[in-house]
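**Student:** Task: produce atomic coordinates for the following.
(chains A and B)
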Amino acid sequence: MTAPLYITGVAETPLGEVPDENELSMVAKATREALAEAGLKRRDIDGVFVNYMGEEGSVQVAEYLGIQPRYSDSSDLGGAAFEAQVHHAMAAIQAGFCEVALIAYASRQRSRRARSLSGSAPVMGVPIMHQLEVPYGLPSPIGRYALIAARHMHQYGTTRAQLAEIAVAARLWAQKNPKAWSRDPLSIDDVLNARPISEPLHRNDICLVTDGGGAAIVTTAARARDAARTPIRILGAAESHTHWHISQMPDLTVSAGARSGPEAFAMAGITASDVDVFQPYDSFTITVLLALEDLGFCKKGEGGPFVAAGHLRPGGKLPSMTSGGGLSYNHPGALGLLLLIEAVRQLRGEAGERQVPNARIGVAHGVGGLLSTAGTVVLARE
Amino acid sequence: MSDRMQIDDPVLWPYWEAAQRHELKVQRCQACGHHQHYPRPFCLECDHDALDWVAVSGRGTVHSVTTVHIQLLPELKPPYQVALIDLAEGPRLVAGITGPACAIGDAVSVVWRERDGLPPLPDFTTVA
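**Tutor:** As a prediction, this is how the structure comes out:
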């Protein structure tokens, strides 16, 4: 039996459009807020876990914060890195390599207009992807998710209307979250009739591009006693990845979550039916559908009818994307840390109008790359 | 070398060299006969380290397909289709669709798209 670990502090950076900050100042502000919740000081942080903060990102962030850590991790698992880094932090803390882990991230990709859809210029450089995929004009990452969605629809009869329900459910949650970017009413027909981007995915099947980020503190039971807010226990975590090039994905209808989900649930000693609130990475509607199947909320191929029953909506039997998700709340390039933050707030009972009653077990499920990576974290209020 | 046409990847070069002759080649393992693409210095199936570049039939099946409605590259006017093709020999690859729109499960065969200063690109088109 390993010693219990906790998330004792969480905070979002400024969200939406952030013209008056840089990424490091955003991380610093979120870190200070998360530390205040954790009842810890900046110099207590001895493990730094970041992704997408530039070259040697954990080194840049640690210097900015004035920290010289004992443990450092800039693992790039795309948007799932932050769930994977909870997994890494657990291992590091349990091995005694660090005691107070900071997981942090910020992006201003909306303000910087940094998102490139082509996946880079079609030059014949060394990367295999530039030679074999980029010249075909397959949008990155949208086109890969579109190929996955098309295959799922073909193989299992999943419909665009079923996928649209995921976007509608996210919007219904966003309408309860004052920090959400998109809060206007959205119907299934609106999603179906939106501009096609890479069929079968249309505009509202695709996440937002915003600025934002966050910070989270992972630590021991002893340090959790300092916390100003209810510490949230980490029951389990796991990670995996399946491919980089879409041509190498073993099965277009099965994500890396089919490994990370069951492994995290086994570590936690739970099954899908124990989950009170679910934070799946909704980069695209299809991403959520695969997560529901791969984590065992429904059988493989039955994600369409499952979501169409309205289970993900407020009041549904599996409240999901309760912040409004990447589809309607914010998507600052990588959502994984914001999924953890929302899960913690739901389990503490701090989610205001969108609070899921009596939420005791929550799951944050990150997905990144070209539906390549997955990290699953099971959290609980004790 | 001008015949290398700016490709700085010695491992993938045999693929592009064949493409210049409108020949679609992939690796085949000398030990177990497994075909694989993209190329690696070992067989993904049996770990054997001797593989040949062999020409394939150029026939395949559409495993999935998307129709792209946004302009990403100057030479590609939307809408156009990009597919995952399962070659008859096994490997799966990304390719463009030339000619009539295709659907998942359609039988396709390779056609070549000429490019300025770069080797031709294998596209696929539906066969009757």
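
**Student:** which ones are touching the nearest residue to A:Arg348 once chain neighbours are set aside?
**Tutor:** The spatial neighbour of A:Arg348 that comes closest, neighbours along the chain excluded (C-beta to C-beta, 6 or more residues apart in numbering or on different chains), is A:Thr230 at 4.8 Å. Backbone N, C-alpha and C define where each C-beta goes, glycine included. Contact analysis of A:Thr230 by C-beta atoms under 8 Å, 6 or more residues apart in numbering or on different chains lists A:Leu347, A:Arg348, A:Gly349, A:Arg381.

**Student:** Tell me which of those fall in strands.
**Tutor:** With strands taken from DSSP state E, there is no overlap with these.

**Student:** for the chain, what spans make up the helices?
**Tutor:** Since you didn't name a chain, this refers to chain A. A:23-38, A:57-65, A:81-94, A:128-132, A:142-156, A:160-174, A:188-193, A:221-224, A:257-268, A:285-294, A:303-308, A:336-348 (DSSP state H).

**Student:** Wait, chain B was what I had in mind.
**Tutor:** Using DSSP H, helices in chain B cover B:13-20.

**Student:** Low-confidence ranges, it, go.
**Tutor:** Low-confidence segments of chain B (pLDDT under 70): B:1-7.

**Student:** is it true that A:His202 touches A:Ala194?
**Tutor:** Yes: with contact defined as C-beta atoms under 8 Å, A:His202 reaches A:Ala194; the gap is 4.3 Å.

**Student:** wait, which of the helices of chain A is closest to B:Ala83?
**Tutor:** Counting by C-beta to C-beta, B:Ala83 lies closest to helix A:142-156 out of the helices of chain A; the figure is 7.8 Å.

**Student:** mind saving the C-alpha coords of the lowest-mean-pLDDT helix or strand in chain A as PDB?
**Tutor:** Across the helices and strands of chain A, the lowest-confidence element by mean pLDDT, DSSP states H and E is helix A:128-132, at a mean of 90. Taking C-alpha atoms only, helix A:128-132 is exported to PDB below (Å, rounded to 0.1, in the frame of the first residue of the first chain):
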ATOM      1  CA  ILE A 128       8.600  11.800 -41.700                       C
ATOM      2  CA  MET A 129       5.300  13.600 -41.200                       C
ATOM      3  CA  HIS A 130       6.500  16.500 -43.400                       C
ATOM      4  CA  GLN A 131       7.300  14.000 -46.200                       C
ATOM      5  CA  LEU A 132       4.300  11.600 -46.000                       C
END
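
**Student:** on contacts alone, who are the packing partners of it?
**Tutor:** Helices and strands in packing contact with helix A:128-132 are not found; criterion 3 or more C-beta pairs under 8 Å, 6 or more residues apart in numbering or on different chains; DSSP states H and E.

**Student:** Could you double-check that A:Ala167 lies in contact with A:Val191?
**Tutor:** Yes: between A:Ala167 and A:Val191 there is a contact under C-beta under 8 Å: 5.0 Å.

**Student:** Pop out the phi and psi values for the residue nearest to A:Arg348.
**Tutor:** Backbone torsions for A:Thr230, taken as degrees, to the nearest 10, come to phi -60, psi 120.

**Student:** circling back: now the weakest link among the helices of chain A, please, by mean pLDDT.
**Tutor:** Note on those: helix A:128-132 shows the lowest mean pLDDT, a mean of 90.

**Student:** on that earlier part again, for the least confident helix or strand of chain A, the distance to its chain's centre please.
**Tutor:** From the chain centre to the centre of helix A:128-132 is a distance of 28 Å (C-alpha atoms, centre = their mean, to the nearest Å).

**Student:** Pull out the buried positions in it.
**Tutor:** Residues of helix A:128-132 classed as buried: A:Ile128, A:Met129, A:His130, A:Gln131, A:Leu132 (neighbour count, 16 or more other C-beta atoms under 10 Å in any protein chain shown).

**Student:** what's the answer for stretch A:2-9, then?
**Tutor:** Neighbour-count burial for stretch A:2-9 flags A:Leu5, A:Tyr6, A:Ile7, A:Thr8, A:Gly9 (criterion: 16+ other C-beta under 10 Å).

**Student:** go on, stretch B:120-128?
**Tutor:** B:Leu121, B:Pro122, B:Asp123, B:Phe124, B:Thr125, B:Thr126.

**Student:** can you pull out the strands in chain B?
**Tutor:** B:25-29, B:35-36, B:51-55, B:59-68, B:80-87, B:92-97, B:107-115, B:118-126.

**Student:** Would you reformat the ones you listed as CSV and include distance to chain A?
**Tutor:** Compiled in CSV, these are given as follows (distance: least, C-beta to the nearest C-beta, whole Å):
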stretch, distance to chain A
strand B:25-29, 11
strand B:35-36, 10
strand B:51-55, 15
strand B:59-68, 4
strand B:80-87, 4
strand B:92-97, 5
strand B:107-115, 8
strand B:118-126, 6
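
**Student:** Would you mind giving those as TSV with distance to A:Pro319 added?
**Tutor:** As requested, those are exported to TSV (distance: least, C-beta to C-beta, whole Å):
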stretch	distance to A:Pro319
strand B:25-29	47
strand B:35-36	44
strand B:51-55	51
strand B:59-68	31
strand B:80-87	35
strand B:92-97	37
strand B:107-115	44
strand B:118-126	44
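
**Student:** and A:Ala34, which of those is closest to it?
**Tutor:** For A:Ala34, the closest of those is strand B:59-68, at 39.9 Å, according to C-beta to C-beta.

**Student:** Now for the residue nearest to A:Gly78 when sequence neighbours are not counted: which residues touch it?
**Tutor:** Leaving aside its sequence neighbours, A:Gly78 sits nearest to A:Gly368 (C-beta to C-beta, 6+ apart; 2.3 Å). By C-beta under 8 Å, 6+ apart, the contact list for A:Gly368 reads A:Leu77, A:Gly78, A:Gly79, A:Ala80, A:Ala81, A:Tyr281, A:Ala334, A:Gly336, A:Ala374.

**Student:** List the residues that contact the nearest residue to B:Val110 once chain neighbours are set aside.
**Tutor:** When the adjacent residues along the chain are set aside, B:Val110 lies closest to B:Gly58, with 3.7 Å between them (C-beta to C-beta, 6+ apart). Contacts for B:Gly58 (C-beta under 8 Å, 6+ apart) come out as B:Leu24, B:Ser109, B:Val110.

**Student:** for A:Leu235, same thing?
**Tutor:** Contacts of A:Leu235 by C-beta under 8 Å, 6+ apart are A:Met267, A:Ala268, A:Gly269, A:Ile270, A:Ile361, A:Val378, A:Leu379, A:Ala380.

**Student:** Tell me the spacing between A:Gly315 and A:Ala364.
**Tutor:** 21 Å (C-beta to C-beta, to the nearest Å).

**Student:** Appreciated, that's everything.
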